[in-house]
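Trainee: Return atomic coordinates for the entry below.
(2 chains)
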Protein chains: 2
Amino acid sequence: MATSAARGVTVRALVQQCLSARLQVKPASREDVDDATYVEIGRGIVIYLCFLKGADSAVVQKTVKALTSVRLSFNAETGSNGSVLDIQGDILVVPQATLGGKIKGRAVQYHGNIAKDDGQQLYDEFVSLCNKEVSESSTSGDSQHQQVHHGSYGNRQVLSIVTNGPFTHLFEF
Amino acid sequence: MATSAARGVTVRALVQQCLSARLQVKPASREDVDDATYVEIGRGIVIYLCFLKGADSAVVQKTVKALTSVRLSFNAETGSNGSVLDIQGDILVVPQATLGGKIKGRAVQYHGNIAKDDGQQLYDEFVSLCNKEVSESSTSGDSQHQQVHHGSYGNRQVLSIVTNGPFTHLFEF
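Mentor: Prediction:
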């Protein structure tokens, strides 16, 4: 089977619709002190993001455009579709290097993942572009309620997610 | 870019470690009655499963073996690794046809997905084999506490998940 790199894939993005999601962005200072910091979104999408070797700013732009404009099922009852921008949904970006792993024997190897510093830069670009798409799509004051949050690159992501149907998508770019 | 089918991929499995997860397996009878049925697991893995055209019993066996034996990071603090069987973790299997989707323009197409009846049969085999792996791996009475639960194939999956680091993996077979 061809590797992702051989196929020219440089971004793996997992998109999961949610009713709400909560991500720890700063851990508690001590185990017995509950002063961790969280960000939270309402209805929208969680984007788990992994950059592979060869990813660049161009593919980041393409990925953000695609993920914010693709029509997804946000309501299983009514079958209503729309992009996250159409429904003025929230976006939570979660760095997720593990998505680049491949099973080798009983281990998971990460030979295809991008170097951490390069990944950090592309991650920051990704988050900025998501914010830009959300603010540009606003035609009224409503968008002030549309949240874009993100996890800290390289940190452990402590996440809770509530869905009424996860509708998990994997998109590769 | 080569399609998954062209690469010979017939199973997409997303594995997400969790502290707990809760899945609705039977919806409420009426909107105002809270009699929905749920299954719940503790520490372990959620497996989101999608069969593509060409999947058969052989690849189901291979997938179950790989997912139950691959060593994952279950503890971010200590970095301890083990398979879900090693840690006597729980397993929640969630059918997830959306994982087979591909972006075409602004829509998501599912041309690679297996026919529903074939998918149902392979899904049942997958769940049986997970149960078998868990019961065979038990060397003591402890395994009676190890849970295997699963969603109903073809239904909407109402899911909540709590993680201390989602460590999301996509494995293709």
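Trainee: from what I can see residue A:153 touches residue A:93, true?
Mentor: No. Using C-beta atoms under 8 Å, residue A:153 is not in contact with residue A:93; the gap is 9.7 Å. In this view, the C-beta of every residue, glycine as well, is placed from N, C-alpha and C.
Trainee: Which residues are in contact with each of these two?
Mentor: When contacts are counted by C-beta atoms under 8 Å, 6 or more residues apart in numbering or on different chains, residue A:153 and residue A:93 are jointly contacted by residue A:123.
Trainee: Please say which of these two ends up with more neighbours.
Mentor: residue A:93 (24 against 20; other C-beta atoms under 10 Å in any protein chain shown).
Trainee: how much space between that one and residue A:168?
Mentor: 16 Å (C-beta to C-beta, to the nearest Å).
Trainee: could you pull out the strands for chain A?
Mentor: Secondary structure of chain A (DSSP state E): strands at A:11-18, A:20-26, A:37-41, A:44-51, A:72-75, A:80-82, A:90-95, A:102-104, A:107-109, A:148-150, A:158-162, A:169-172.
Trainee: of all those strands, which gets the most neighbours per residue?
Mentor: Greatest average neighbour count among the strands of chain A goes to strand A:44-51 (a mean of 26), per mean count of other C-beta atoms under 10 Å in any protein chain shown.
Trainee: Compute the inter-axis angle for that strand and strand A:11-18.
Mentor: In terms of direction (axes from the mean of the first three to the mean of the last three C-alpha atoms, to 10 degrees), strand A:44-51 departs from strand A:11-18 by 160 degrees.
Trainee: any idea of the angle strand A:44-51 forms with strand A:158-162?
Mentor: Going by the same axes, to 10 degrees, strand A:44-51 makes 140 degrees with strand A:158-162.
Trainee: pLDDT averaged over strand A:44-51 - what is it?
Mentor: Per-residue pLDDT over strand A:44-51 has a mean of 96.
Trainee: That one pairs with which strands, and in what direction?
Mentor: If you go by DSSP bridges, strand A:44-51 pairs up with strand A:11-18 (antiparallel), strand A:90-95 (parallel).
Trainee: Enumerate every residue touching the most centrally placed residue in chain A.
Mentor: The centroid of chain A falls nearest to residue A:47 when counting by C-alpha atoms, centre = their mean (2.0 Å). Counting by C-beta under 8 Å, 6+ apart, residue A:47 makes contact with A:13-15, A:67, A:91-94, A:130.
Trainee: Looking at the residues you listed, which is nearest residue B:123?
Mentor: residue A:14 (20.8 Å; C-beta to C-beta).
Trainee: Can you give the distance from stretch A:92-112 to the centre of its chain?
Mentor: The gap between the average C-alpha position of stretch A:92-112 and the chain average comes to 15 Å, counting by C-alpha atoms, centre = their mean, to the nearest Å.
Trainee: Double-check residue A:163 against residue A:44; I have them as touching.
Mentor: No. Using C-beta under 8 Å, residue A:163 makes no contact with residue A:44, being 11.0 Å away.
Trainee: For residue A:156, the count of nearby residues, please.
Mentor: Residue A:156 has 17 neighbouring residues, counting by other C-beta under 10 Å.
Trainee: How much space separates the residue nearest to the centre of chain A from residue A:138?
Mentor: From residue A:47 to residue A:138 the distance is 19 Å (C-beta to C-beta).
Trainee: Check residue A:17 too.
Mentor: Relative to residue A:138, and taking C-beta to C-beta, residue A:17 is found at 21 Å.
Trainee: Same question for residue A:167.
Mentor: 25 Å.
Trainee: Neighbour count for the two, which is higher?
Mentor: Each of residue A:167 and residue A:138 has its neighbours counted (other C-beta under 10 Å); residue A:167 has more, 23 against 14.
Trainee: which helices and strands sit right next to the longest helix anywhere in chain A?
Mentor: Counting residues, the longest helix found in chain A (DSSP state H) is helix A:116-137. Judged by 3 or more C-beta pairs under 8 Å, 6 or more residues apart in numbering or on different chains; DSSP states H and E, helix A:116-137 is in contact with strand A:44-51, helix A:57-69, strand A:90-95, strand A:148-150.
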